[in-house]
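Colleague: Fold the following for me, if possible:
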Amino acid sequence: MSFIGRREFLAGVVGGVAGVMFGGGSLFGAGRKKPNVLFIAIDDLNDWVGCLGGHPDTITPNLDRLAGRGVLFTNAHCAAPACGPSRSSLMTGVLPCVSGYYKNGQPFFRKNPALKNAVTIPQHFMANGYTAIGAGKIHHGSDHDAASWDEYWPSKTKMKPGDPLPAKRPVSGIPRTAHFDWGPLDNPDKAMGDWQVADWVIGQIKKDHDKPLFLGCGFYRPHLPWYVPQKYFDKFPLDMITLPDVKDDDLADVPAMGQKMAVRKVVYEDGAKAKSIDEILAATPGCDHARVVKHEQWRQAVQGYLASINFVDTCLGRVVQALDERKDADEWVVILWSDHGWHLGEKLHWRKFSLWEEATHNVMMCVAPGVTMPGGRCDEPVNLIDIYPTLVDVCGLTKKDGLDGISLAGQLLDPKTEKTEPTLTTHGRENHSLRSKRWRYTRYADGGEELYDHKSDPMEWTNLADKDGYAKIKKNMKAYLPKTNAEKFTLATKGKGAGRKT
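Modeller: As a prediction, the model looks like this:
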């Protein structure tokens, strides 16, 4: 059975079980109203969240409290470590390897034949009697899709309000950085786009709607540039900042394609001796990490990221507080996700765009009244692609065929419910990484491999792929590599090669 076929099979099994448990497919049982849904997206947020323990300095009380109300997926991963393909796959339920949508900068997803007629999550809710409205960044900017919503703020052609900017840029002093910059703003909270998105969402929460509501709330921070009001920077004094752990020769056992993802160049040839960080950075002066180190901005960058996380956590807290003030607050389903992780120097890399834990690991949590219990933590490998079928089950919608994810209804009911297969992240055609509860196996298009044991090596510092004794583990993981590898979609190719192979 292929990877896709196996997913479809398991989705059907779990969905059938969920239908019985939820009373014929309805969350509240037959004859009861459908639950409202608050669908929250946060951009570029890695695991630097208190409840995930990703960074000792982070301050995220509102994310932590929301996670404590339902199930926190501690081992959640993205389908692609880039905004466009990650969000498109989540919203359509179609994996990148099926659609050919692999990286940012590809055409609007509706121009892709594999996605042209895809029914997005809010569209499926609308087809099931819901009003679907939203604000902020849900789709990637170039994929903002008017057809997916009854109403959108600021408009169906503009996903978010603008943000104020510092008087002089770049604040970091790093030249030619575009939006790769950080620094405090002399502006109030209300000037920030995310704050205004929260205001609009709060207004919708306070209203009574004629039909059940699917409400999207998309926060842009901590996406670059890390410009937020001064008071958020003040919470993280520079002399108290904890920098990420970095291993000097961390790229020494990484295949060539992995090295290029990290620093845009092959820095180790076969048989080369391990280099120091200084030697690597000298050989790759154009990479982000070299520029950050050269301009002595690593600590400031971490401060900016932490400040941006705390700012968006504050925005989230306002939205959740508004929901709590409703008499029917305990009848709303709340699902929160970030679109991928983020590197801040690990593997000598910055941003996302890699197949290591820092880039694939994301935040994902769900509160579903009558289904989840407070304080649930699921350590099984799950994926953003699983959100679509999960919401279908939890909200009692009609079954949606053609989804590549697996419903997590079983894990919501019992977070200890095991999953038998790893979860998939793809970055570029035929570059795949599989994450199980214990292992990460990566295979690049040129055949290069990586294998990491998260039980003993959570930082993925030691590549075991070429070591003796791991052939069986690699074989088991390889069995889950996708059989479909659609050509990258461009307007020139017109989708040639896209779609599933049977």
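
Colleague: So which bits of the longest helix seen in the chain are buried?
Modeller: Selection of the longest helix in the chain by residue count, based on DSSP state H, yields helix 298-324. Within helix 298-324, the residues scored as buried using 16 or more other Cβ atoms under 10 Å are 298-317, 319-320, 322-323. To be clear about C-beta, it is placed using only N, CA and C from the backbone, and glycine gets the same treatment.

Colleague: cool, and stretch 414-427?
Modeller: Those buried within stretch 414-427 under the rule 16+ other Cβ under 10 Å are 415, 419, 421-427.

Colleague: Without its sequence neighbours, what residue ends up closest to the residue most central in space within the chain?
Modeller: A centroid search over the chain (Cα atoms, centre = their mean) returns Asp339, at 2.2 Å, as the residue closest to the centre. Among residues not flanking Asp339 along the chain, Ser86 sits closest, at 4.4 Å (Cβ to Cβ, 6 or more residues apart in numbering).

Colleague: number of nearby residues for that neighbour?
Modeller: 27 (other Cβ atoms under 10 Å).

Colleague: which element is it on?
Modeller: Assigned by DSSP states H and E, Ser86 falls within helix 83-92.

Colleague: which is the next helix or strand following that helix?
Modeller: helix 96-99.

Colleague: can you dump the C-alpha coordinates of that next one into CSV?
Modeller: C-alpha atoms of helix 96-99 as CSV (Å, rounded to 0.1, in the frame of the first residue of the first chain):
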residue,chain,number,x,y,z
PRO,A,96,3.1,19.0,-1.3
CYS,A,97,4.4,15.8,-3.0
VAL,A,98,0.9,15.4,-4.5
SER,A,99,0.3,18.9,-5.6
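
Colleague: by contact count, what packs against that helix?
Modeller: helix 83-92, strand 423-426 (3 or more Cβ pairs under 8 Å, 6 or more residues apart in numbering; DSSP states H and E).

Colleague: all strands in the stretch 401-502 of the chain, in order from the N-terminus.
Modeller: With strands called from DSSP state E, counting those that start in this stretch, the stretch 401-502 of the chain shows them at 423-426, 432-435, 439-443, 449-453.

Colleague: Mean neighbour count, the ones you listed: which tops it?
Modeller: Scoring the strands of the stretch 401-502 of the chain by mean neighbour count under mean count of other Cβ atoms under 10 Å gives strand 423-426 as the most buried, with a mean of 27.

Colleague: average pLDDT across that strand?
Modeller: Strand 423-426 shows a mean pLDDT of 98.

Colleague: returning to that earlier point: list the contacts for the residue nearest to Asp339?
Modeller: Going by Cβ atoms under 8 Å, 6 or more residues apart in numbering, Ser86 touches 78-80, 339-340, 384.

Colleague: are any of those residues buried, and which?
Modeller: Among these, those scoring as buried are 78-80, 339-340, 384 (criterion: 16+ other Cβ under 10 Å).

Colleague: show me what contacts Glu346?
Modeller: Neighbouring residues of Glu346 by Cβ under 8 Å, 6+ apart: 244-246, 250, 356, 358, 459.

Colleague: how about these, which pair is most distant?
Modeller: Using Cβ to Cβ, those span at most 13.3 Å, a distance reached by Asp245 and Trp356.

Colleague: Strands of the stretch 251-400 of the chain, start to end?
Modeller: Listed in chain order, the strands of the stretch 251-400 of the chain (DSSP E, counting those that start in this stretch) span residues 333-338, 343-344, 350-351, 364-367, 376-378, 382-383.

Colleague: who's in contact with the nearest residue in space to Glu450 that is not next to it in sequence?
Modeller: Nearest residue to Glu450, sequence neighbours excluded (Cβ to Cβ, 6+ apart): Thr442, at 4.2 Å. Neighbour list for Thr442: 258, 355, 431-434, 449-451 [criterion: Cβ under 8 Å, 6+ apart].

Colleague: go with 6 Å
Modeller: Contacts for Thr442 (Cβ atoms under 6 Å, 6 or more residues apart in numbering) come out as 355, 433, 450.

Colleague: With Leu323 instead?
Modeller: Per Cβ under 6 Å, 6+ apart, neighbours of Leu323: 205, 329.

Colleague: re the thing from before, include distance to Pro61 when you put the strands of the stretch 401-502 of the chain into a markdown table, please.
Modeller: Converted to a markdown table, those look like this (distance: least, Cβ to Cβ, whole Å):
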| stretch | distance to Pro61 |
| --- | --- |
| strand 423-426 | 29 |
| strand 432-435 | 28 |
| strand 439-443 | 31 |
| strand 449-453 | 32 |
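
Colleague: between the ones you listed, which gets nearest to Ser148?
Modeller: Comparison of the strands of the stretch 401-502 of the chain against Ser148 by Cβ to Cβ identifies strand 423-426 as nearest, at 23.1 Å.

Colleague: so what strands line up beside that closest one?
Modeller: Take DSSP bridges as the rule and strand 423-426 pairs in its sheet with strand 432-435 (antiparallel).

Colleague: got the contact list for the partner strand?
Modeller: By Cβ under 6 Å, 6+ apart, the surrounding residues in contact with strand 432-435 are 77, 355, 381, 422-426, 441-443, 477, 480-481.

Colleague: does Trp332 really touch Asn36, like I thought?
Modeller: Yes. Contact criterion Cβ atoms under 6 Å: Trp332 and Asn36 qualify, at 4.7 Å.

Colleague: neighbour count winner among the two?
Modeller: Under the criterion of other Cβ under 10 Å, the comparison of Trp332 against Asn36 puts Asn36 first, with 23 against 19.

Colleague: Tell me where the model's unsure across this protein.
Modeller: Within the chain, the stretches with pLDDT under 70 are 1-32, 493-502.

Colleague: Check the gap between the residue located most distally from the centre of it and Ala114 for me.
Modeller: Relative to the C-alpha centroid of the chain, counting by Cα atoms, centre = their mean, Gly271 is the outermost residue, at 36.2 Å. As for Gly271, its distance to Ala114 is 42 Å (criterion: Cβ to Cβ, to the nearest Å).

Colleague: cool, Ala368 as well?
Modeller: Ala368 is 31 Å from Ala114, by Cβ to Cβ.

Colleague: cool, Asn463 as well?
Modeller: Taken as Cβ to Cβ, the span from Asn463 to Ala114 is 33 Å.

Colleague: again with Arg221
Modeller: Computed as Cβ to Cβ, the Arg221 to Ala114 distance reads 31 Å.

Colleague: between these two, which one's more packed in?
Modeller: The neighbour comparison of Arg221 against Ala114 (other Cβ under 10 Å) goes to Arg221, with 29 against 20.

Colleague: just checking, that one touches Ser308?
Modeller: Yes. Using Cβ under 6 Å, Arg221 makes contact with Ser308 at a distance of 4.5 Å.

Colleague: list the contacts for Ala252?
Modeller: Counting by Cβ under 6 Å, 6+ apart, Ala252 makes contact with 268, 274.
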